[in-house]
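Visitor: pasted the sequence and its predicted model underneath.
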Amino acid sequence: MRENYLEDYFSFLRFPSVSTDNQFASNVRECAQWVSEKLAAIGLESKVVPTAGHPIVWARNEHRPGSRTVVIYGHYDVQPPDPLELWDSPPFEPVLKEGYVFARGATDNKGQILSHILGVQETMEQDHELPVNLHLVIEGEEEIGSANLGTFLSENREALKCDVAVVSDTGMIARGTPTLSYGLRGVTALEIKVTGPKMDLHSGVFGGAVANPITALAQLLATLHDRVAGFYDRVKPLENWEREAWRKLPVDGDKLVLKETGVPELFGEAGYNSVERIWARPTAEINGIGGGYQGKGTKTVIASHAMAKLTFRLVPEQDGDEILKLAKTHLRKNLPKGVTLEITDGHSGPWYLTDPHSAIGEAAQRALREAFNRDAALIREGGSIPIVSQFRSILGVETLLMGLALPDCRAHSPNENFPLENLEGGIRLNKAILQELAR
Ligand code: BES
Ligand code: ZN
């Protein structure tokens, strides 16, 4: 089977399963169908479950009473590929170059899902059965906040009764270094619109006599980092043992940030190094901004409105709803004169923190060591996987985050890529974790 996995991988990557843009809804559906058929082809019972949004693929083996039950979770949806002109090859036409596959979703999360599927397949081929009761839940809305997956978990709570969740949607700290992530940041999103005049105006005829919404938006956004009142109140300080453990990791976070991003210098909260800023401190980010004339040449205009998309990354013990409320109060209070403000809530997902030394954490570390021949690095992550905290609150289980993304895999960026070496490592890892969890 190994010979043709590249064919499967490429077929999977060719679906433009962009969840955020409804223009791709049928591609998303077709991708779900493909995943489900693939899971059925390896011998699992599989179905595509419709939701209020994009469908969920749910597959299982035949369960035996008394065996451990494991939920493997992943997502088949991807982020938009834009800006297209920055890709060296088209994002949905995968290519293999020097051991790396380039395509949107190559890492996040299709390559990692495929390693789950192939690990399960090889185990079934070798042993004629799996050592655990397995559920595979592959959703199509992770990149937009997993809004309908919680309902799916609640509705199927009994059927999904399990001992642990396993997810490969995080990173490896360095090539060849197996990594167990025991923390994720949360994220909460909102969109704001600042409106001035009832229509776009001639800036000579009215300029100076009305507030410019783009200026007002820029001024408003600039106040965000003067500290939203209450934003840090619940932030748990980093403890010394954790800072020390992170300093011993086989990677220099500051150097890595400089190398991977190409920024002219480091940036961030004083008193913290880069990994501390990314893994343990909250942020306010402006993800998009728009308004006014953006075409060629000039246009002497005062736009009627301007907009921005914001997200806040959250850390223990911040509460998403509370942060949203504080942010809205801050934005309303600091709105410049002469314009009005509209705020629309976006998705929200909590942070996660678990114990890498629990019994299942130790099992994960053994599987990682077996698959990569090295001790696992224990880290937190800056990214978010919204559903993980609901595996805890709805299913009552902890999640093992054993990701395969490399720092230079460019998830969410142009030229996203995944080394076949990690796909292979992921297959070994999946085989090992099934055995370890069965013990
Ligand atoms: N795979 C990422 C999450 C991730 C990235 C975890 C890096 C750890 C390290 C996931 O697909 C993702 O991008 N999640 C979104 C969630 C959001 C849209 C609600 C994120 O973090 O922006
Ligand atoms: Zn992602």
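Guide: Arrived safely, thanks for sending. Source: prediction; values computed, not measured. Ligands and ions are numbered 1, 2, ... in the order given.

Visitor: local confidence estimate at the residue nearest to Gln318 when sequence neighbours are not counted?
Guide: Nearest residue to Gln318, sequence neighbours excluded (Cβ to Cβ, 6 or more residues apart in numbering): Arg234, at 5.1 Å. Using the backbone N, CA and C atoms, a C-beta is placed for each residue, glycine as well. Looking at Arg234, its pLDDT reads 98.

Visitor: what is the burial count for Arg234?
Guide: 15 (other Cβ atoms under 10 Å).

Visitor: so who does it touch?
Guide: Contact analysis of Arg234 by Cβ atoms under 8 Å, 6 or more residues apart in numbering lists Glu317, Gln318, Asp319, Glu322.

Visitor: and it, its phi and psi?
Guide: phi -100, psi 0 (degrees, to the nearest 10).

Visitor: against ligand 1, how distant is it?
Guide: Distance of Arg234 to ligand 1, given as Cβ to the nearest ligand atom, to the nearest Å: 20 Å.

Visitor: can you name the residue of the stretch 301-439 of the chain nearest to ligand 1?
Guide: For the stretch 301-439 of the chain and ligand 1, the shortest gap (Cβ to the nearest ligand atom) falls at Gly383, measuring 2.5 Å.

Visitor: right, and that residue touches Ser181 too?
Guide: No: taking Cβ atoms under 8 Å as the definition, Gly383 is not a contact partner of Ser181, at 9.2 Å.

Visitor: circling back to that earlier point, and the residue of the stretch 301-439 of the chain closest to ligand 1, what are its phi and psi?
Guide: Per-residue torsions, Gly383: phi -80, psi 180 (degrees, to the nearest 10).

Visitor: start the count at 11 instead of 1 going forward.
Guide: Shifting the count to begin at 11 puts that one at Gly393.

Visitor: and it, how many neighbours?
Guide: 19.

Visitor: need the per-residue pLDDT for it.
Guide: For Gly393, the predicted pLDDT is 96.

Visitor: how about the residues of this structure near ligand 1?
Guide: Applying Cβ under 6 Å from any ligand atom, we find that the chain lies next to ligand 1 at 118-119, 152-153, 155, 179-181, 197, 357, 359, 391, 393-396.

Visitor: just among those, which is most surrounded?
Guide: Asn119 (29 neighbours).

Visitor: wait, a helix at that residue?
Guide: Yes: counting by DSSP: H, G, I helix; E, B strand; the rest coil, Asn119 falls inside a helix.

Visitor: check contacts around it.
Guide: Contacts of Asn119 by Cβ under 8 Å, 6+ apart are Gly84, His85, Tyr86, Val88, Glu152, Ser178, Asp179.

Visitor: can you read off the pLDDT for the fourth one?
Guide: In the prediction, the pLDDT value recorded for Val88 is 98.

Visitor: so which elements touch the lengthiest helix in the chain?
Guide: Ranked by residue count, the top helix of the chain under DSSP state H comes out as helix 430-448. Using 3 or more Cβ pairs under 8 Å, 6 or more residues apart in numbering; DSSP states H and E, the elements in contact with helix 430-448 are helix 15-24, strand 110-112, helix 122-137, strand 174-177, helix 369-382.

Visitor: as TSV, the ones you listed with mean neighbour count and mean pLDDT would be great.
Guide: Listed next are the helices and strands packed on helix 430-448 as TSV, based on neighbours: other Cβ atoms under 10 Å; pLDDT from 0 to 100:
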stretch	mean neighbour count	mean pLDDT
helix 15-24	18	97
strand 110-112	21	98
helix 122-137	21	97
strand 174-177	24	98
helix 369-382	20	98
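
Visitor: out of those, which gets nearest to Leu363?
Guide: Closest to Leu363 of these is helix 369-382 (Cβ to Cβ; 12.1 Å).

Visitor: how far off centre is that closest one?
Guide: Once both centres are worked out by Cα atoms, centre = their mean, to the nearest Å, helix 369-382 turns out to sit 23 Å from its chain's centre.

Visitor: what residues of stretch 402-414 count as buried?
Guide: For stretch 402-414, burial by neighbour count (16 or more other Cβ atoms under 10 Å) applies to Ile404, Leu405, Val407, Glu408, Thr409, Leu410, Leu411, Met412, Gly413, Leu414.

Visitor: one more: stretch 178-189?
Guide: So, applying 16+ other Cβ under 10 Å, buried residues of stretch 178-189: Ser178, Asp179, Thr180, Gly181, Met182, Ile183, Thr187, Pro188, Thr189.
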